[in-house]
Structures are given as C-alpha cells and as structure tokens.
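# Please find the sequence and the predicted model below.
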Amino acid sequence: MSALLQYVATGVTVGSAYALVGLGIALIAQVTGVVNFAQGQFVMLAGLLFAVLEEHDVPAAPAALAALAATVLVGLLLERLVLPRKAAGRTDQAIMLTIGASIVIEGLAFVAVGTEPHFASPFTAGGALHFGGASIDRQYLWVVGIALVIMVTLWLLLTRTRLGWAMRATAMDADAARLSGISPSRMSLLVFVAAAALGAIGGIVLAPLQSPDASVGIGLGLKGFAAAVIGGLDRPAGAVAGGLAVGIVEALASGYLPSSQSGYADGIAYAVLLVALIVRPTGLLRRVAGERV
Amino acid sequence: MAATDTTAPESPAGLLDRLTGNRRLRPVVQVLLPAAVLVVALLLIPFVFTRVHPYTMADGVQLVLLATAALGLVPLTGYAGQVSLGQAAFYGTGAYATAILTVTFHQSPLLGLLVGAVAAGLLAWLLGRALFRAAGHYLTLATIAVGLVLGVVVKQLGITGGAEGLSGLPPLSFGGVQILGDVNFFYVAAGVLVVASLVVQRMCRSQLGTTLLAISDSPVAAQSGGVDPAPQKRFAFVVAAVCSAVAGSLYALWSGFVDASTLDLNLSLQLLIIATVGGRRSVFGATVGAFVVVSLARIAKEWLPDVSSHAGGQVEIIAYGLALILVLRLLPRGIIGALAAWLNRLSASKSAE
C-alpha cells in the first residue's frame, strides 16, 4: 500500500511537469495549428542551463530566471526566424521546420555541454517528509506547487484578460479574429513565448529530480504530446489530466514491473501515446479536425 | 497550391516548360531523361567513391540504401503532405524480419526480404487504419512513438537477440550466386533503387499522385470531389513503409548484423531530410538527398575531431537540422526542384535575347 502511495506521489509530481509541457503544445496547436516538435527541447534547454549554472555556483533563483529567459528567447527566435510568416495551410512544412529546429537545438546543446548529465540541487534542503508510509521528497512539493500556480495563472490569463480572449478567439476562428483587429502574427509570437516559458518551467522544476543531459528533449517532448493527446487539447484542464495520467502510469510501470522486464519501463510513455492516438485520434488538434471535415 | 511551392517562372516559357508542354516529349523529359541521369550517376559512384578521398565504397552502399528507404516519402510527404518520423520503424522491421528468418529459421535471404516488406506494409496498413480516420498531424507523433516502442521491445525479446542484436546473416544470393563485396552489392542495391524509383514515379504520375496532391492542398475540396482521403493516404503510407523495409532488409544482408540502431529516431530524421533536401516531389530527389546526407556524415566524421573534442556525431546532426531548415525556407522544392527551375529560367532568358 505504501509502495502504491509512493509511486502515485512520484507519478503526480513528474506528471505535473509533463502537464506544463503538454499545455505549451496545446496552446501552440490551438492558436496557430502548428504541432511544435521543438517543445521538448525547450524543456531540455531550461533544465540543462539551470543545472549547469548551479554547478557553476550561481544561486538557484538567478539560475532559474536566466534559464527561463534564455529559453523564452529561443522560442521567440524559433517563431520569428525559422517558421514561415504565412504558416497557414502549409502545416506540414511548419512541422518539418520545428523538427529541424529541434535537432539543431539538441545538437548545439551537445556541443556546448557534452553528453554527461548535469546535476541541480533541490530548491530547499532538508529530508523527505513522510505521509502514510510514503516518503515525499521536498522537491515534489515544489514541482506540484509551482505547476499549480502556473496552471491557475494561465487559466486566469486565458479567461479573464483581453489578451486571453484574443488568443481564444484566434484559436476558434483565425479569420474572424483578424477581422476584429487581432493580429494573428502577434498571437502566434505570444503563444510560442508562452509555450517556451511553460516548457522551461517544467524543465527547471524537474532538473533536481531527473538530472538532465542534452538528449532528454525528445523524450520529454513526447511525454508532453502524450499529455496533450490524452487531454484532447480542448481545454487546458485536458492537458493537465493527461500529464498526470502519463506520469502515474509511468511511475506505476517502473515500480511494479519485475526487474527482468524493467527495460520496458522506458517505452511505457510512448506506448501510452500510441494507444491514445489509435483509440482517440480526435483528441489532438480538434480545431483543425473540425475545420477540415 | 500554396504560394511557397510555385517557384516556377511564368514568362517567358523556358526550355523545360516548352518541352513538357509538348505531349510527345513530356514523358521523355520527365521520365526517361532523369532516369538516364540517375543510372549514369549511380554507375559513376563505384569509380568516384573508391578514388575520391573521404568517401568509401561502404558510403556508396549506404547512399543507395538510404535513397531507397526515403523513396516512399515522395508520395507520402511530398504529395500527401503527411510527415512521417518513423520510417526507421519499417526499416528496422525489414531488417529484423530478414535476420530472424535467415539466422533463426535458416530461410533464404530473398524470402526474408519479402517477408520483411510484407510485415512492414501490414504494420503501416494497420496504423493507417487507425490514424487516418481523423484529419491532422497524428502520423508524425504516432510514427515516432512506434519507432521508440519497437526500439524498446527488440532490446527485451529473445527472438530479436536482445540488446546485442542478431548477427551472422548470410549474404544476399540469387539462385546460389552469392553477392559478395561492397562493389557487387552496390550494383544490386542500385538496381533495386532504379526499379523502385521508376515504380514510385509511375505511381506519382498516375491518378493517385493527383489525388494525393488534392488531399494535401484542400481536404475539403477533395472530399466534395468524392475522394475519401483516408484510403489514399493509407496507400501512400504502406508504399513508404515497404520502400523502407526493403532497404532495411538489404542493409541487414549487407552488414550481416542487425541491432536496435536500425530503429533509431536519427535514421527516421535522416530519411525525412533526404526526401526534403533532394526534392519532396521528385523520386530522383531521394538519391540527391542521400548524396547530401552521406556527404555531410562523411565530412563530419573526417573533420570533427579537429573541431570539437566531444559529441562528434552531434555536429553532424546540427548540419542535418540546418540543411532541413534552409532548404524548406529557401528551396521549398528541394535541390531537384530548384535545379529544374534554374535550367528553365536560364533557357528562357537565352531564348528571349
């Protein structure tokens, strides 16, 4: 029982981070119609930068801010320099461009910091807390807490501000939004910046738990995709539920698989993504699907 | 069609425009001429690659195998606009099927090749049935996931040899004649590439190619024209899978060894880049793209120890990514498309004088 509780706690923690990644993917897909394959690299970049800065004795807060700022800058450059200005109608080209950007970011990270993992220390020192037989790492609370704050902020932003209304209007009908004076180009830039920030925060809070190296981007990105696909992308809550589901399934699988089968744990998140896509292909990008039928 | 893809000049009509405007000459210009150039270029490879410094004959074999594997992306990505990042899953399926049949069950290499192609085609058909029900870009995600899941599974199963993989495959043989040595194998693989190129081109020039283009440009218009996009996309996906599987089987028979690296995501990336850089709408683009990628890889291997102390293979990846971005932004029709447009403009400006 306590083992189960332990796995669920781990799953909820990493799942919250996956949810942030998935939220970024969902935002971009909804507002611009582009599936951003570079999202995982935002997560890798911020986590790695945070860990490397900490290893060079930069205090946690400035290190986190610098990692966040650098990642947002990369997201901004991706949207402005790499993606075509008229992405509409040629999403296959935009997708390939984000794939190209993704491997360039990964390659540059490898060249800059090498193949070894880097280590970040937890946000606060101190031993694990105990609840009902499960030991809860203090970092778990930070991850879940920060993810919650970010999700609530994003929800308020989308539902309570003019900017959020404009974003949702663009997601519903880009042409109508443009006629009402909303610039699709500005919205596109904003969602890429927001998605980069969401991915970066996910990467920074995970860094003390899963020491990042330059190769983790693709895996983390796919877990974000799994979260977004399971959630259905309709509403932010979907990606959050999807992220938690992927995190918990992954934690249970790696916990309960017999050691002879433990190699399968690596593939669980991908298998979940595949099953979600096969069973519910209308989940992801419902807006695009609706437009095309 | 989107504005980014129509780079052909309008006036005055260039040589290629005038030739393709002529009904009798059109097949000569669009099929026979490029096919002849392809055959001559492939025949030159053994002479060039064994003499010019950084290249080796093994690079030549890899070039034709990669080109064959990427060939199916022309109808799938170039025409239907579906991005697959899991071609390695089919390449690996072909390679593993051939390895299991020849090593474990002692069957002939040709049967292994055939079974590999059928298995990969079946896998693509099943995936396509589920994925093409809805519009959108699930294919890219699902194909990455399939490759990664298969990569994990083959490392665990006994029949696939676990993490060590399977070794000791017999060489390719036809009726008792074994194909030994890189040069001989190259000629066989190049023959497969030429035949496959012509078959895929025939498909693209048929009704199917037009239908796939229509689906990619406007699914709504295609559907109101009575076309159901799902079976058409599925067929293109199966063709892409079979091409990759045949190349994977040939690779297994050439190297005599198969492991999980045949399912690697990097291979899928390479194949996508090959198809895009060469020209997504031209079957001959695959060979051009494969030449670019093999050259990038060779140059990277040759020079990188001097450039960077660690992560040698990763600079190669940066080069791939930059090549993909630059070609998509600057030459959306790839090297072949740009070359054709350039020839056309050149002849047009000459005739205008």
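Received, thanks. Computed from a predicted model, the values in this text were never measured in an experiment.
# ok, residue A:110 touching residue A:214?
Yes. Residue A:110 lies in contact with residue A:214 (C-beta atoms under 8 Å); the separation is 4.4 Å. No exception for glycine: its C-beta is placed from N, CA and C like everyone else's.
# Comparing the two, which residue is more hemmed in?
Ranked by neighbour count (other C-beta atoms under 10 Å in any protein chain shown), residue A:110 and residue A:214 place residue A:214 first, with 25 against 22.
# what's the distance between that one and residue B:171?
Per C-beta to C-beta, to the nearest Å, residue A:214 is found 39 Å from residue B:171.
# residue boundaries of the strands in chain B?
Listed in chain order, the strands of chain B (DSSP state E) span B:166-167, B:173-174, B:177-178, B:257-258.
# Tell me which of those strands is the most buried.
strand B:257-258 (a mean of 24; mean count of other C-beta atoms under 10 Å in any protein chain shown).
# where's that one relative to the chain centroid, distance-wise?
21 Å (C-alpha atoms, centre = their mean, to the nearest Å).
# one step back: can I get the strands of chain B in TSV including distance to chain A and mean pLDDT?
Output for the strands of chain B, formatted as TSV (distance: least, C-beta to the nearest C-beta, whole Å; pLDDT from 0 to 100):
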stretch	distance to chain A	mean pLDDT
strand B:166-167	17	86
strand B:173-174	35	80
strand B:177-178	36	81
strand B:257-258	18	90
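# can I get these in TSV with distance to residue B:32?
Output for the strands of chain B, formatted as TSV (distance: least, C-beta to C-beta, whole Å):
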stretch	distance to residue B:32
strand B:166-167	42
strand B:173-174	28
strand B:177-178	30
strand B:257-258	37
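# do the lengthiest helix in chain B and chain A meet at all?
In chain B, assigned by DSSP state H, the helix with the most residues is helix B:229-255. No. Using C-beta under 8 Å from any C-beta of the partner chain, helix B:229-255 stays clear of chain A, coming no nearer than 8.9 Å.
# So which bits of that helix are buried?
Neighbour-count burial for helix B:229-255, counted by 16 or more other C-beta atoms under 10 Å in any protein chain shown, picks out B:229-230, B:232-255.
# measure the closest residue to residue B:59 other than its chain neighbours to residue A:247 for me?
Nearest non-adjacent residue to residue B:59, counting by C-beta to C-beta, 6 or more residues apart in numbering or on different chains: residue B:294, 5.2 Å away. Remark: distance between residue B:294 and residue A:247 (C-beta to C-beta) = 41 Å.
# Now do the same contact list for residue A:17.
Going by C-beta atoms under 8 Å, 6 or more residues apart in numbering or on different chains, residue A:17 touches A:143, A:147, A:202, A:203, A:205, A:206, A:243, A:247.
# Mind telling me what element it is part of?
Residue A:17 belongs to helix A:2-32 when assigned by DSSP states H and E.
# what about the residue in the stretch 151-293 of chain A that chain B sits nearest to, how many neighbours?
Minimum separation of the stretch 151-293 of chain A from chain B (C-beta to the nearest C-beta) falls at residue A:267, amounting to 3.3 Å. Look at residue A:267: counted by other C-beta under 10 Å, it has 20 neighbours.
# for chain B, what are the nearby residues on the stretch 1-150 of chain A?
Counting by C-beta under 8 Å from any C-beta, the stretch 1-150 of chain A sits next to chain B at A:35, A:37, A:82, A:84, A:86, A:89-93, A:95-97, A:99-104, A:106-108, A:110-111, A:114-115.
# now residue B:297: how far from chain A?
13 Å (C-beta to the nearest C-beta, to the nearest Å).
# pretty sure that residue is in contact with residue B:323, am I right?
No. With contact defined as C-beta under 8 Å, residue B:297 does not count as touching residue B:323 (11.5 Å).
# pretty sure residue A:146 is touching residue A:203, no?
No. Checked against C-beta under 8 Å, the pair residue A:146 and residue A:203 is beyond contact range at 11.9 Å.
# between the two, which one's more packed in?
Between residue A:146 and residue A:203, counting by other C-beta under 10 Å, residue A:203 is the more crowded of the two (32 against 18).
# Next, the angle helix A:2-32 makes with the one helix or strand residue A:239 maps to.
Using DSSP H and E, the element containing residue A:239 is helix A:236-256. Per axes from the mean of the first three to the mean of the last three C-alpha atoms, to 10 degrees, the angle that helix A:236-256 makes with helix A:2-32 is 140 degrees.
# Who are the packing partners of the next helix or strand after helix A:236-256?
Downstream of helix A:236-256, the next assigned helix or strand under DSSP H and E is helix A:265-279. Contacts defined by 3 or more C-beta pairs under 8 Å, 6 or more residues apart in numbering or on different chains; DSSP states H and E place helix A:265-279 against helix A:216-231, helix A:236-256, helix B:109-131, helix B:138-156.
# Pick the most deeply packed of the ones you listed.
By mean count of other C-beta under 10 Å, the helices and strands packed on helix A:265-279 have helix A:216-231 as the most buried, with a mean of 28.
# tell me what it is packed against?
Packing partners of helix A:216-231 (3+ C-beta pairs under 8 Å, 6+ apart): helix A:2-32, helix A:39-55, helix A:91-113, helix A:184-206, helix A:236-256, helix A:265-279, helix B:138-156.
# chain center to it, what's the gap?
7 Å.
# what residue ranges in the chain are flagged as low confidence?
No chain specified, so I'll use chain A. For chain A, the stretches flagged by pLDDT under 70 are A:1, A:86-90, A:232-236, A:280-293.
# that answer is for a different chain, and I need it for chain B
B:1-15, B:19-21, B:134-137, B:304-314, B:350-353.
# What ranges does the stretch 251-353 of chain B have for its helices?
For the stretch 251-353 of chain B, applying DSSP state H, counting those that start in this stretch gives helices covering B:265-278, B:283-307, B:312-330, B:334-352.
# out of these, nearest to residue B:181?
Nearest to residue B:181 among those is helix B:283-307 (19.2 Å), distances taken as C-beta to C-beta.
# between that closest one and helix B:312-330, how big is the angle?
Going by the same axes, to 10 degrees, helix B:283-307 makes 140 degrees with helix B:312-330.
# Show me what helix B:283-307 is packed up against.
Here helix B:283-307 touches helix B:33-49, helix B:57-71, helix B:182-205, helix B:265-278, helix B:312-330, helix B:334-352, going by 3+ C-beta pairs under 8 Å, 6+ apart.
# Put together TSV for the ones you listed, with distance to residue B:104 and mean neighbour count on each row.
What follows is these, written out as TSV (distance: least, C-beta to C-beta, whole Å; neighbours: other C-beta atoms under 10 Å in any protein chain shown):
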stretch	distance to residue B:104	mean neighbour count
helix B:33-49	34	15
helix B:57-71	23	26
helix B:182-205	23	19
helix B:265-278	24	26
helix B:312-330	32	20
helix B:334-352	41	17
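# Contacts only, for the spatially most central residue of chain B.
When C-alpha atoms, centre = their mean is applied to chain B, the residue found nearest the centroid is residue B:70 (0.8 Å). Contact analysis of residue B:70 by C-beta under 8 Å, 6+ apart lists B:87, B:243, B:244, B:271, B:272, B:274, B:275, B:278, B:286, B:289, B:290.
# from these, which two are the most distant?
Most distant of the contacts of residue B:70, by C-beta to C-beta, are B:244 and B:278, 15.8 Å apart.
# Helix B:265-278 and the longest helix of chain B, what's the angle between them?
110 degrees.
# What residues does the stretch 101-250 of chain B have near chain A?
So the stretch 101-250 of chain B meets chain A at B:127, B:130-131, B:133-138, B:140-142, B:144-146, B:148-149, B:151-153, B:155-156, B:216, B:219-220 (C-beta under 8 Å from any C-beta).
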